[in-house]
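Q: Pasting the sequence and the predicted model now:
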Amino acid sequence: MTRLFVSFIGKNLLFIIGFFAITNLINAQITPAEVLERVDANLSANTRVFVSEMTIHGKRFSQTLQSKTYSAGNSKAFTEYLSPAREAGTKLLMLDDKLWIYTPSSDRTIQLSGHMLKQSVMGSDLSYEDLMSDTKLTEEYEVVSMLSEIYQDRKSYLMELVARTESQSYARRKMWIDAEYFVPLKEELYAKSGQLLKQASMSDLKQIQGRWFPTQMVYRDMLKNGKGTEFRILSMEFNQAIPEHLFSKAVLR
Amino acid sequence: MKLAIYIAFKNLLGAGLRTWINVLVLSFSFVAIIWIKGIMLGWDHQAKSQLIEWEIGHGQYWHTNYDPNDSFTWDDSHASPSDTLLNAIKEGRYAAILVAQGVIYPEGRMVPVCLKGINTTQQVLKIPTSFLSQEENSKSSAIPVMMGAYMANSCQLKEGDQFLVRWRDKDGVFDAREMELVKVFATPVPTVDAGQIWLDCSTLQNMMGLNNEITLLSLPSNESNELLFSNEFQFKSKEFLLSDIEKMVQMKSKGQSVFYLVLLVLAMLAIFDTQVLSVFKRRREIGTYIALGYTRSEVVRLFTIEGGVYALLASALALLYGYPFLLWQYRNGFKMPVDVAEFGIAGSNHIYPLFSLALILGTFLLIAFTTLLVSYLPARKIAALNPAETLKGRLS
Amino acid sequence: MPETIIQVDNLIKKFPVGKGFFTALDTISLRIESGEFAGLIGPSGSGKTTLLNILGSLDSPSSGEALVLNKSIGKLGAKEAADLRKEAIGFIFQTYNLLPVHTVYENVEFPLLLLKRTKKERNLQVEEALEWVGLQSKRDSRPSELSGGESQRVAIARAMVKRPKLVLADEPTANLDAKNSFHVLDTMKELNERLGVTFLFATHDDKVIQYLRRIIELNDGQIARDYTPEKRQQS
Amino acid sequence: MIRFILRGLLRDRSRSTIPLLVVAVGVSLSVFMHAYVTGIMGDMVRQSAHYSEGHVKVLTRPYAEMAHLNPIDLSILNASELEEVLVHQYPEMDWVHRINFSALVDVPDSLGETKEQGPAFVMGLDLLSDKSTEIKRLHLTEALVRGRLPQHAGEVLLSEQFAKKLSVEVGEEFTLIAATVYGNMAYVNFTMSGTIHHGSPAFDRGSMLIDLSDARDFLAMEQGSAQILGFFADGFYNDDTALEMKNSFNTLEHGEAEDEYAPIMLCLADNPTMALYLGLGSQMGMWISLVFLLTMSLVLWNAGLLGGLRRYQEFGIRLAIGEEKSHVYRSLLWESLAVGTIGSAVGTAIGLFFAYLLQHYGLNIEAFSENASQSVMMPGIIRARITPVDFYIGFVPGLVSTLIGAGLAGIGVYRRETARLMNEL
């Protein structure tokens, strides 16, 4: 039943959105914590396996990378690049704050130190952490405020979140969360000082395994004068059992 | 000997113009060598003392992990000094600096920089830290910072401009803020200028989340003051910190020695020529000296001393015009023939030469010795002369 | 009791010429007492100057003995020879050989400087010597400002100022005209008589020969005659 | 008369040989000194030119603006084509490709795990091709500390200090990590064939030399070059020529008019620091040469004077024979003119010869010091530099001073009496 419903929604998204708008107004009394929980329920999972495509716009050249990522929570992730040919076979393994990269060209495993995780991936507007880890908002952030707002004709909650720990990459986030699907439509990521670091906008919501997930995202590093980085989910699976060896260094060879 | 010097003086003074040209040449070389060497010494000294004044003080304490040239080490090279030391830093007795990496974005361009937080109270370094004190700049929410003229120029920034800076705090988390350039200072020391942004130490400590922690410390005097420091800091002597520049200086001086050599050779050429003529032309005089009771070797000595007297006369002449000239140079400096500022480089247009007693005496001895040598070489021929023949003045 | 100033026995002096030798002095023996006013005469190349130079310790004999003031010239080191000249021998040359850049006074003073006399002594003796030759008024002149006769008188003063035992004069009048020659010779004769200084000349100038009290004639390096001219004794 | 003078000059060694010798030695010293000072003063500029600036360089405008970041993505992509154009238009120049970039060096342990890591400044330049001029230009053979120069693709040179810090030995492999022109990361293994000493703290700390084609493969830039440097054939910077070349190149159209990445040419003096050194060098060179010329003039004046004094006796005889004083005087001047000209010519030739030797081979001053270590930046080699000025500068003291000296000495001919001149000797 559910599955049927899902595919139905997938095909008639616009209609459905209009339909549920009414329903949501009824649930107006939802608490901020509940909103975050609903978002996590959509985005976060014990494990995620997805194939994605990232288009990086450099000053002169643009290129698109395809990769497959296996992640478990925000501490374990494994990514393998699929294309272009030059990058195919490159593997990344993130365990806690350690990152190893295996490249077939060098046949070597190279460890990047902790803060490298926060560096941009290949000149993109995303860091390794942005790309690979699955942040559970409810665990990492506290809600400071929540407002109802219309974002791009969608009723949404504008939530302001503050990180629970100091080591969080983004001390503060502003999220425009679709009031119906509980998926962020836009995010602003702030530094501790209050400086806006990155901005992301999400679109092309798709329902996958009963969750709503934005499959198209555009990230922009607000300190750079770039065109931003496009990120597309080509396929996504939640809560699949991932063989433990994928999160061990053995997988890199 | 005394007599020989007396006669030598007499002979030279009696020779008139010829002597004075030689003396002029010699004194010229004398002054030129001292002058050039003095300028070079002054230049080197200036470079060193500027480095001391602007960057290193009279020695530094570094955090044990700190390597100024490896920015990878900066994340882990800071510690909190003892309370006594903190007070001393607050009073400005030391210049305490916290070093961190950052990136600034002037008009969207990306420039990696070294952030240096320094206590605004410090009296050790010439960096005008008072411009950074918070009271002065409380109007703006941006972080007040300074940079050297070269850096400001290459980033195309001027006083009052604001720009973004991004850095990683102690947890490696990126943060960013606006900075306002409150002061552009001119410094002759590139290592406190290029690629550096100076801000209040406590501001940087806050930004980094490193309370009271510092990376290095410059001392106002030679004291090493072991007691003040925990073993997280290591003493770096002034000599160590100046060793790079010292190497450069040694390298340079080798190339310069050719100048002195050629100047000397020129002066010696004049004296040599004169001596050759003397031996050739004054044969009868040589014979007379022998007839009057000189041995030949005494005549050789007399002629050699005559050469030496050139050096004495030259020194006297050099003193006459060289002293006021060198003194004037010493006081007013040697104006570089090129205006440094025109090229967007801060620095002094004047080099203040340094004349040490050792330099002057050394040059004098060098000249006196070589003069004696070239005077001796032609005079040596006298020993081979037959006195009976020389008396007739005939060529043998 | 006259003292022997010069004692020459079987003196031979050879000079290398090409591959062989030229014998300038050939087995000469000679003795000169103090107070003599003697001259070596003979044509050019007869060995006059060579003998004079050896006696002045400017040259050394090839063989034989030349004793000057009881010192054997051939056995003197450079230093001893110089000491002998410095203390006991005065030279007078044909070309005066004054030190060009020194004044008349300084030229005359020079031998005393070598003898390390005090300034006071020097002053006294130089003034006296200049008085002998009558050149007090020229004391501050340079040699280039003097006439030939004046120059030679300065040379005499310089030779005499230290009161040497022996004065060797090589053609002292060759560059002088007759008037100056006689003036110079008179000066020397007077000094010889007044101070008892021994004079030995080398000359072929008749004007000088007129004044000599002993004539030693050299020919081809040998003594041809050694005699006391009659007319001088007569006069 | 001229024949008479020449005969006299040639036959009388004291009239010809000694004055000629003095003039020649003096002039050769002046010429040599001038070339030497010019060489020394250009030293700083030369090193910078060799390392990074070239005498002229061709690069894209955006690259030029951000050059301090080594933005290889802004490189020239069709560098080979461009080189053909450059070689065709400016055949007298030596054109070389350079690719500088920042990278990370990762050294594995025996298990292939990261052992040491460090940031590196990498210079890509032609090390392997037969026609490479770079090894000589950067004195790489002399600067070699351990191992040997790269002979095969995949071999690199590390600065000795860097290799020590990373504990890499000759023959060992490590991985180089850097962003390609497209922005993605490249990981390639290289073998250290040897280490060099740069002599510049910045380079010694962490730099690496890699062959040009290796750099191109590594950075995925095929025929690209970050910069094309042009060097004058004689190895010395000539501001006028460079400026002319730059203007002519920049007025030409390269690629499409709208192309933001069209190449532009810059000359060495466009770099303000280099301009300062150039200005300083030429000014200081001028001052130092002036001091020498002045000294030299005095010496030669003296020599001329002595030359005249030597011959007073001869003048006396000539006057006695019945020659006129003015004639004697004139002939003295003519002679000194001859001596001055010949001496200056010979001296200039000798000075140029030694300056050439010093320019071509250089003098290794490091060889005299105890811990002799050569380096790229300061090869410890002093070089002279011959400029057109050197061909005539020696004639100033050589001719003029000699003449003045002779003129002064000749005044004696008028002042003194004939007889005295004859006796003067």
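A: Arrived safely.

Q: where does chain A come near chain B, residue by residue?
A: A:114-115, A:117-118, A:166-169, A:171, A:191-195, A:197, A:223-225 (CB under 8 Å from any CB of the partner chain). C-beta: built from backbone N, CA, C; applies to glycine.

Q: what about burial for these, which qualify?
A: When the residues of chain A next to chain B are checked for burial by 16 or more other CB atoms under 10 Å in any protein chain shown, the buried set is A:115, A:117-118, A:168-169, A:171, A:191-193, A:195, A:197, A:223-224.

Q: Of those residues, which one scores lowest on pLDDT?
A: Confidence by pLDDT is poorest for residue A:115 among those, given 62.

Q: hmm, the helix or strand residue D:287 falls within touching chain B?
A: Per DSSP states H and E, residue D:287 falls inside helix D:272-309. Yes: counting by CB under 8 Å from any CB, chain B is contacted by helix D:272-309 at D:272-273, D:275-276, D:279-280, D:283-284, D:286-288, D:291-292, D:294-296, D:298-299, D:301-303, D:305-306, D:309.

Q: Longest strand in chain A, by number of residues?
A: Longest strand in chain A by number of residues, with DSSP state E as the criterion: strand A:196-208.

Q: so after it, what's the next helix or strand?
A: Going down the chain from strand A:196-208, the next helix or strand is strand A:211-221, by DSSP H and E.

Q: For that next one, buried residues please.
A: A:211, A:212, A:213, A:214, A:215, A:217, A:218, A:219, A:220, A:221.

Q: which parts of chain C sit against chain B?
A: Within chain C, the positions adjacent to chain B are C:49-50, C:53, C:56, C:58-59, C:78-79, C:81-83, C:85-87, C:91, C:93, C:95, C:97-102, C:106, C:110-111, C:113-114, C:116, C:142, C:158 by CB under 8 Å from any CB.

Q: filter those residues to the buried ones?
A: C:49-50, C:53, C:56, C:58-59, C:81-83, C:85-86, C:91, C:93, C:95, C:97-102, C:106, C:110-111, C:113-114, C:142, C:158.

Q: sorry, back to before: so which of the residues of chain C next to chain B reach chain D?
A: Okay, of those touching chain D (CB under 8 Å from any CB), that's residue C:95.

Q: SS state for residue A:48?
A: strand (DSSP: H, G, I helix; E, B strand; the rest coil).

Q: Next one: it relative to chain D, how far apart?
A: Using CB to the nearest CB, to the nearest Å, one gets 23 Å for the distance from residue A:48 to chain D.

Q: Give me the mean pLDDT for stretch B:113-127.
A: Mean predicted lDDT for stretch B:113-127 stands at 90.

Q: and that stretch, which residues are buried?
A: Buried, per 16+ other CB under 10 Å, within stretch B:113-127: B:113-122, B:124-127.

Q: Determine if any part of it is in contact with chain D.
A: No: using CB under 8 Å from any CB, stretch B:113-127 stays clear of chain D, coming no nearer than 11.2 Å.

Q: how about that stretch, does it get close to chain A?
A: No: using CB under 8 Å from any CB, stretch B:113-127 never reaches chain A; the gap is at least 13.5 Å.

Q: Span of that stretch from start to end?
A: Stretch B:113-127 has an end-to-end distance of 18 Å (CA to CA, to the nearest Å).

Q: Where does residue B:262 sit: helix, strand or coil?
A: helix.

Q: Also the one 4 residues further on?
A: Secondary structure, three-state DSSP: residue B:266 is helix.

Q: and residue D:216, what does it touch?
A: D:99, D:124, D:222, D:223, D:224 (CB atoms under 8 Å, 6 or more residues apart in numbering or on different chains).

Q: surely the second one meets residue D:99?
A: Yes: with contact defined as CB atoms under 8 Å, residue D:124 and residue D:99 form a contacting pair (3.5 Å).

Q: Spit out the residues that contact these two alike.
A: When contacts are counted by CB under 8 Å, 6+ apart, residue D:124 and residue D:99 are jointly contacted by D:212, D:215, D:216, D:219, D:226.

Q: where along the stretch 101-250 of chain B do the strands fall?
A: Remark: strands assigned in the stretch 101-250 of chain B by DSSP state E, counting those that start in this stretch are B:111-118, B:143-148, B:162-168, B:174-185, B:196-200, B:216-218, B:233-236.

Q: which stretch in these has the least confidence?
A: Across the strands of the stretch 101-250 of chain B, strand B:233-236 gives the lowest mean pLDDT, at a mean of 84.

Q: What backbone torsions are found at the closest residue in space to residue A:219 that isn't next to it in sequence?
A: Nearest residue to residue A:219, sequence neighbours excluded (CB to CB, 6 or more residues apart in numbering or on different chains): residue A:125, at 4.4 Å. Phi and psi for residue A:125, reported as degrees, to the nearest 10, are phi -90, psi 10.

Q: just residue D:211 next, same as before
A: phi -70, psi 150.

Q: Now do the contacts for it.
A: By CB under 8 Å, 6+ apart, the neighbours of residue D:211 are D:124, D:125, D:126, D:127, D:128, D:150, D:153, D:155, D:156.
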